[in-house]
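**Student:** here are the coordinates; sequence isn't available:
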């Protein structure tokens, strides 16, 4: 079998990397790109034994099939497939079965390939780490290669430390060292290897999940989602009605529901539509509680097109291959761009006569499937990937940001330049910080969430702890900003802040001399800029600043002290998340 050009390039990239390095690596290939053939070819060309790990039996079977096509058949170790053989040169195993039978993996391997490697956890007691430790004990020089379509984890970001395009990945929680190959989605669609995705927001109706807030590192909770869905019964009825109409020209419709209760409601409405129109179109539901034998039977019936609709709750995002799917309805919110991309990917596999897949996002998740992720959590539902050049090294960063109707940048949320610099045979991250926390001891810039200064190692006081200490003193006040307004007061810049009760606090700046303008830049322009790192221009007059006031952000909190001349600003606090932000009472005045 002849590999496609990009598949061969991926294989060559892996071989070249491991010839010069022992460090772990990741390759990124979109869903439907043929990762199974890539790993099968690597298994064929490997000199030693190869272990291929994945997390569902469907992928174990698929990978074993491709290995047998390209080289000698491998042995399968997966309880779900009723096989537990680890004797062949190439072993294809489920993570769960391998972790429960570590003694069966006492012979050395030279290479471990992890399919769907974004699932790898760094937790010492995780199934992946138990397997890795067992294998390293047999061969300390063992090489690790991951393959995935979604190289990021909710809450921690990129799964690799650096990217071959010269970009920093995840410097703290990376499961792999280097991304050595990445194939974008667009070329595969353009060359006809994947169906064209037609991504639309809800047409007849749409759920409003904008009030949801994910817990740190987690997706939205079922309780949060249920509380909103309970108020939107009519929306569900309208959505299902539209799905029924659109399905008339579709071969297979995959519906991602938010909860089991929601899925049952959708199924009931679909059955009502079938009775109303007196048709034979059938629907079924799959959840985590569906017995395995019943699940396998329903999936087989759907693949054979005996079912038109398959409603599921988070069970068909990976390891599910039904190329005839030409319509996907996303009825659930998610804070995970990885999960969103996996849902969309279920409909992109090609099939003769299938040119596109209609994807309707009824939950207004708003992700861009062609460039969905920037390595950090999405700060708001309106945020999109934006490009921001570094003023020091020139690297073009991709950060979350906000744009206007013309696509012009309004604000970005980047912290540090992601460019890699080559110095003395080493690759170091560019030191420029778009937003920073200043060390009070040495003045060094640190990440806004840092707890220790990277320069002098001084402990950086937790913002809440500092506020509590300061506010315990007399004559101090914490001003919670609700609005900021700039005005020209006879040539001076006046900045008016208003709190929730409409109480004002004023700051004034002169612009007559170069020194005054430098002070204005340091005290107001730089910390208040919504696009730090980008040149805002050289302001000479207050009226110029007033005209550009949309370019400046207000602080969440201003720490004030009462003096003989009135309230004096001690500090302005941006990017704050803590107890004082939502406390309606002042701690001290």
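**Tutor:** All right, it came through fine. Remember, it's a predicted structure, so these values are computed and weren't measured experimentally.
**Student:** could you use CA atoms for every contact and neighbour count after this?
**Tutor:** Noted.
**Student:** please report how far residue 549 lies from residue 84.
**Tutor:** Distance of residue 549 to residue 84, given as C-alpha to C-alpha, to the nearest Å: 67 Å.
**Student:** who has more neighbours out of those two?
**Tutor:** Of the pair residue 549 and residue 84, residue 84 is the one with more neighbours under other C-alpha atoms under 10 Å, namely 20 against 16.
**Student:** what ranges does the stretch 451-589 of the chain have for its helices?
**Tutor:** 463-471, 514-520, 526-528, 542-547, 579-582 (DSSP state H, counting those that start in this stretch).
**Student:** need the winner for burial among the ones you listed.
**Tutor:** With neighbours defined as mean count of other C-alpha atoms under 10 Å, the helices of the stretch 451-589 of the chain peak in mean count at helix 526-528, which reaches a mean of 19.
**Student:** so which elements touch that one?
**Tutor:** Here helix 526-528 touches no other helix or strand, going by 3 or more C-alpha pairs under 8 Å, 6 or more residues apart in numbering; DSSP states H and E.
**Student:** could you pull up the mean pLDDT of it?
**Tutor:** Helix 526-528 shows a mean pLDDT of 92.
**Student:** how about the strands of the stretch 101-250 of the chain, start to end?
**Tutor:** 111-115, 143-148, 152-153, 157-158, 160-163, 167-168, 176-182, 196-201 (DSSP state E, counting those that start in this stretch).
**Student:** redo the ones you listed as TSV? Include mean pLDDT and distance to residue 134.
**Tutor:** Shown next, in TSV, are those (pLDDT from 0 to 100; distance: least, C-alpha to C-alpha, whole Å):
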stretch	mean pLDDT	distance to residue 134
strand 111-115	97	12
strand 143-148	97	14
strand 152-153	88	25
strand 157-158	88	26
strand 160-163	94	22
strand 167-168	92	30
strand 176-182	96	18
strand 196-201	90	42
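**Student:** picking up where we left off before, take the helices of the stretch 451-589 of the chain and lay them out in CSV including distance to residue 440.
**Tutor:** Formatted as CSV, the helices of the stretch 451-589 of the chain follow (distance: least, C-alpha to C-alpha, whole Å):
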stretch, distance to residue 440
helix 463-471, 12
helix 514-520, 19
helix 526-528, 16
helix 542-547, 29
helix 579-582, 21
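**Student:** what's the closest of those to residue 207?
**Tutor:** helix 579-582 (27.1 Å; C-alpha to C-alpha).
**Student:** and the helices of the stretch 451-589 of the chain, which one's lowest on average pLDDT?
**Tutor:** Averaging pLDDT over each of the helices of the stretch 451-589 of the chain puts helix 579-582 lowest, since it has a mean of 64.
**Student:** tell me, how many residues neighbour residue 88?
**Tutor:** So residue 88, with other C-alpha under 10 Å, has 15 neighbours.
**Student:** was I right about it contacting residue 77?
**Tutor:** No - in this structure, residue 88 is not within contact of residue 77 by C-alpha atoms under 8 Å, at 10.5 Å.
**Student:** ok, residues contacting the host helix or strand of residue 19?
**Tutor:** Residue 19 is part of helix 5-20, with elements assigned from DSSP states H and E. Applying C-alpha atoms under 8 Å, 6 or more residues apart in numbering, the contact partners of helix 5-20 are 25, 27, 34-35, 37-39, 41-42, 143, 145, 180-181, 183.
**Student:** what pairs with the helix or strand following that helix, parallel or antiparallel?
**Tutor:** Using DSSP H and E, the helix or strand that follows helix 5-20 towards the C-terminus is strand 25-28. Strand pairing for strand 25-28, using DSSP bridges, gives strand 143-148 (parallel), strand 176-182 (parallel).
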